[in-house]
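# The following block contains a protein sequence and its predicted model.
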Amino acid sequence: MSVSIINHGGSTSLLSKPAEAGGKYFPFHFQAVQPKDRSWSYRLLPPTSPQQLTEAQLIELLQADGSTLRADWEEQVGHPVGFITIYLPKKDGGTGSQQARFEQGPDLGMDLEPPGPKPPPPPPPMEMDTF
(Lines give C-alpha, C1' and ligand atoms only; values in the text may rest on other atoms or scores of the structure.)
Protein backbone atom coordinates (compact mmCIF):
# COMPACT_ATOMS: atom_id res chain seq x y z
CA MET A 1 0.00 0.00 0.00
CA SER A 2 1.45 3.38 -0.97
CA VAL A 3 1.12 6.47 1.16
CA SER A 4 0.27 9.74 -0.53
CA ILE A 5 1.61 12.93 1.05
CA ILE A 6 0.54 16.42 0.03
CA ASN A 7 2.51 19.45 1.19
CA HIS A 8 0.40 22.58 1.55
CA GLY A 9 1.90 26.06 1.84
CA GLY A 10 -0.10 28.72 3.60
CA SER A 11 -0.66 30.48 6.89
CA THR A 12 -2.09 29.81 10.32
CA SER A 13 -4.08 31.92 12.76
CA LEU A 14 -6.37 31.61 15.75
CA LEU A 15 -10.05 31.16 15.08
CA SER A 16 -12.26 33.74 16.78
CA LYS A 17 -14.37 30.77 17.95
CA PRO A 18 -12.88 27.23 17.94
CA ALA A 19 -14.46 24.70 15.60
CA GLU A 20 -15.90 21.63 17.30
CA ALA A 21 -16.27 18.06 16.06
CA GLY A 22 -16.69 14.82 17.96
CA GLY A 23 -16.36 16.57 21.33
CA LYS A 24 -12.95 18.02 20.37
CA TYR A 25 -12.08 21.69 19.95
CA PHE A 26 -9.95 22.93 17.07
CA PRO A 27 -8.73 26.47 17.90
CA PHE A 28 -6.48 27.06 14.90
CA HIS A 29 -7.11 27.89 11.26
CA PHE A 30 -4.92 26.82 8.36
CA GLN A 31 -5.37 28.66 5.07
CA ALA A 32 -3.68 26.77 2.25
CA VAL A 33 -2.68 28.74 -0.84
CA GLN A 34 -0.83 25.96 -2.62
CA PRO A 35 -1.32 23.53 -4.23
CA LYS A 36 -4.84 25.03 -4.13
CA ASP A 37 -6.90 27.29 -1.86
CA ARG A 38 -8.42 25.37 1.02
CA SER A 39 -9.29 26.26 4.58
CA TRP A 40 -9.64 24.02 7.64
CA SER A 41 -9.38 23.95 11.42
CA TYR A 42 -6.87 21.99 13.48
CA ARG A 43 -5.48 21.45 16.95
CA LEU A 44 -1.99 20.57 18.10
CA LEU A 45 -1.31 17.22 19.71
CA PRO A 46 1.01 16.82 22.71
CA PRO A 47 4.65 17.02 21.64
CA THR A 48 6.72 13.87 21.31
CA SER A 49 9.99 15.80 21.70
CA PRO A 50 11.03 18.97 23.57
CA GLN A 51 11.71 20.80 20.28
CA GLN A 52 8.09 20.57 19.13
CA LEU A 53 5.74 23.51 19.51
CA THR A 54 2.97 23.17 22.10
CA GLU A 55 -0.59 24.40 21.70
CA ALA A 56 -0.07 26.98 24.49
CA GLN A 57 3.08 28.32 22.78
CA LEU A 58 1.31 28.65 19.44
CA ILE A 59 -1.64 30.46 21.03
CA GLU A 60 0.81 32.86 22.68
CA LEU A 61 2.63 33.51 19.38
CA LEU A 62 -0.59 34.14 17.46
CA GLN A 63 -2.09 36.35 20.17
CA ALA A 64 1.11 38.39 20.52
CA ASP A 65 1.33 38.92 16.78
CA GLY A 66 -2.41 39.32 16.41
CA SER A 67 -2.47 37.99 12.88
CA THR A 68 -1.09 35.02 11.00
CA LEU A 69 2.15 33.11 10.66
CA ARG A 70 3.45 31.40 7.54
CA ALA A 71 3.21 27.62 7.77
CA ASP A 72 3.72 24.40 5.80
CA TRP A 73 1.30 21.52 6.30
CA GLU A 74 2.24 17.90 5.60
CA GLU A 75 -0.92 15.92 4.93
CA GLN A 76 -0.80 12.15 4.83
CA VAL A 77 -3.89 11.58 2.69
CA GLY A 78 -6.58 9.66 4.57
CA HIS A 79 -5.10 10.35 8.02
CA PRO A 80 -6.15 13.28 10.25
CA VAL A 81 -2.75 13.43 12.01
CA GLY A 82 0.47 14.83 10.57
CA PHE A 83 3.07 17.57 10.97
CA ILE A 84 2.90 21.33 10.56
CA THR A 85 5.93 23.61 10.37
CA ILE A 86 5.33 27.13 11.67
CA TYR A 87 7.70 29.93 10.68
CA LEU A 88 8.32 32.12 13.69
CA PRO A 89 8.46 35.93 13.68
CA LYS A 90 11.86 37.52 13.11
CA LYS A 91 13.98 37.83 16.24
CA ASP A 92 17.38 39.45 16.26
CA GLY A 93 17.53 39.59 12.47
CA GLY A 94 16.82 35.90 11.84
CA THR A 95 13.89 33.60 11.36
CA GLY A 96 13.26 30.15 12.67
CA SER A 97 10.66 27.47 12.51
CA GLN A 98 9.17 24.89 14.80
CA GLN A 99 7.35 21.73 13.98
CA ALA A 100 4.30 20.30 15.74
CA ARG A 101 1.98 17.35 15.38
CA PHE A 102 -1.59 18.24 14.44
CA GLU A 103 -5.01 16.72 14.22
CA GLN A 104 -7.07 18.11 11.37
CA GLY A 105 -10.54 19.35 12.21
CA PRO A 106 -13.51 20.35 10.10
CA ASP A 107 -13.02 22.09 6.77
CA LEU A 108 -13.87 25.78 6.88
CA GLY A 109 -15.52 27.63 4.05
CA MET A 110 -13.56 30.08 2.00
CA ASP A 111 -15.94 32.76 3.26
CA LEU A 112 -14.39 32.50 6.73
CA GLU A 113 -14.07 35.89 8.34
CA PRO A 114 -10.57 36.77 9.49
CA PRO A 115 -9.85 36.54 13.22
CA GLY A 116 -10.05 39.63 15.36
CA PRO A 117 -12.47 42.53 15.57
CA LYS A 118 -14.86 43.10 12.71
CA PRO A 119 -14.57 46.41 10.87
CA PRO A 120 -17.41 48.84 11.55
CA PRO A 121 -20.19 48.98 8.98
CA PRO A 122 -19.96 51.79 6.43
CA PRO A 123 -21.79 55.01 7.34
CA PRO A 124 -25.24 55.52 5.81
CA PRO A 125 -25.30 57.53 2.59
CA MET A 126 -25.52 61.25 3.12
CA GLU A 127 -28.66 62.94 1.91
CA MET A 128 -28.17 66.05 -0.12
CA ASP A 129 -30.57 68.92 0.37
CA THR A 130 -31.94 70.25 -2.90
CA PHE A 131 -32.01 73.98 -3.34
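Perfect, I can see it now.
# What is the neighbour count of the spatially closest residue to residue 25 that is not a sequence neighbour?
With C-beta to C-beta, 6 or more residues apart in numbering as the criterion, residue 25 has its nearest non-adjacent residue at 4.3 Å, and that residue is residue 18. In short, each C-beta sits where N, CA and C put it, glycine included. Look at residue 18: counted by other C-beta atoms under 10 Å, it has 15 neighbours.
# Tell me the first helix or strand C-terminal of the longest strand anywhere in the chain.
Ordering each strand of the chain by length in residues (DSSP state E) puts strand 5-21 first. Counting by DSSP states H and E, the element after strand 5-21 in chain order, helix or strand, is strand 24-34.
# what sits up against the lowest-mean-pLDDT helix or strand in the chain?
Of all helical and strand segments in the chain, the minimum by mean pLDDT, DSSP states H and E falls on helix 55-65, at a mean of 84. Helix 55-65 is contacted from outside by 12-14, 27-28, 43-44, 68-69, 86, 88-89, 98, 100, using C-beta atoms under 8 Å, 6 or more residues apart in numbering.
# returning to what we had before: contacting residues around the residue nearest to residue 25?
25, 26, 27, 41.
# how about a cut-off of 10 Å?
Counting by C-beta atoms under 10 Å, 6 or more residues apart in numbering, residue 18 touches 24, 25, 26, 27, 28, 29, 41, 43, 105.
# And it, how far from residue 42?
Distance from residue 18 to residue 42, counting by C-beta to C-beta, to the nearest Å: 10 Å.
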